[in-house]
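J.: Sequence and predicted structure below; questions after.
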Amino acid sequence: MISLDRDEQALQIARERLTRFGSKVSCVLSPFSRIAEAVHELGIPKVDGVLADLGFRACSLTSRNGGFRSERLVR
């Protein structure tokens, strides 16, 4: 499983929750738009499916380091 997120805090939470799966899980700091590049960089030739959780956490809206960038939303 590959977990992509642009929010480092969210990735850290995922790493902690998924630690029991060891090397079967890769957490990558990257936007979903770079999924093909992330898969290629990990050396994975083919994926069987994609599950996208496109929701957000409230702190993503208020944190400058969160997944959403407030300067993009305000324009």
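T.: Sure thing, it's come through. Numbers count the residues shown, from 1 in each chain.
J.: Quick one: list the elements packing against the host helix or strand of residue 37.
T.: Per DSSP states H and E: residue 37 is located in helix 35-41. Secondary-structure packing of helix 35-41 (3 or more Cβ pairs under 8 Å, 6 or more residues apart in numbering; DSSP states H and E): strand 2-5. For the C-beta atoms, the positions are set from N, CA and C on the backbone; glycine is no exception.
J.: if we go to 10 Å?
T.: Secondary-structure packing of helix 35-41 (3 or more Cβ pairs under 10 Å, 6 or more residues apart in numbering; DSSP states H and E): strand 2-5, strand 26-29.
J.: Can you mark which positions in the last one are buried?
T.: Just to be clear, that refers to strand 26-29. Within strand 26-29, the residues scored as buried using 16 or more other Cβ atoms under 10 Å are 26-28.
J.: so which of those comes closest to residue 7?
T.: Within the buried residues of strand 26-29, distances to residue 7 taken as Cβ to Cβ reach their minimum at residue 27, with 11.1 Å.
J.: hmm, back to that, per-residue confidence averaged over the helix holding residue 37?
T.: Helix 35-41 comes out with an average pLDDT of 93.
J.: Stretch 10-20 too?
T.: Averaging pLDDT along stretch 10-20 gives 93.
J.: List the residues that contact residue 31.
T.: Neighbour list for residue 31: 4-6, 38, 67 [criterion: Cβ atoms under 10 Å, 6 or more residues apart in numbering].
J.: repeat for residue 53
T.: Contacts of residue 53 by Cβ under 10 Å, 6+ apart are 3, 5, 10, 32.
J.: secondary structure element for it?
T.: Counting by DSSP H and E, there is no helix or strand that carries residue 53.
J.: Next one, pLDDT for it please.
T.: pLDDT at residue 53 comes out at 77.
J.: likewise residue 57?
T.: Model confidence at residue 57, given as pLDDT, is 65.
J.: related to what we said a few turns ago, would you list the buried entries among the contacts of residue 53?
T.: Neighbour counting by 16+ other Cβ under 10 Å classes 3, 5, 10 among those as buried.
J.: Give me the phi and psi for the last one.
T.: Per-residue torsions, residue 10: phi -60, psi -40 (degrees, to the nearest 10).
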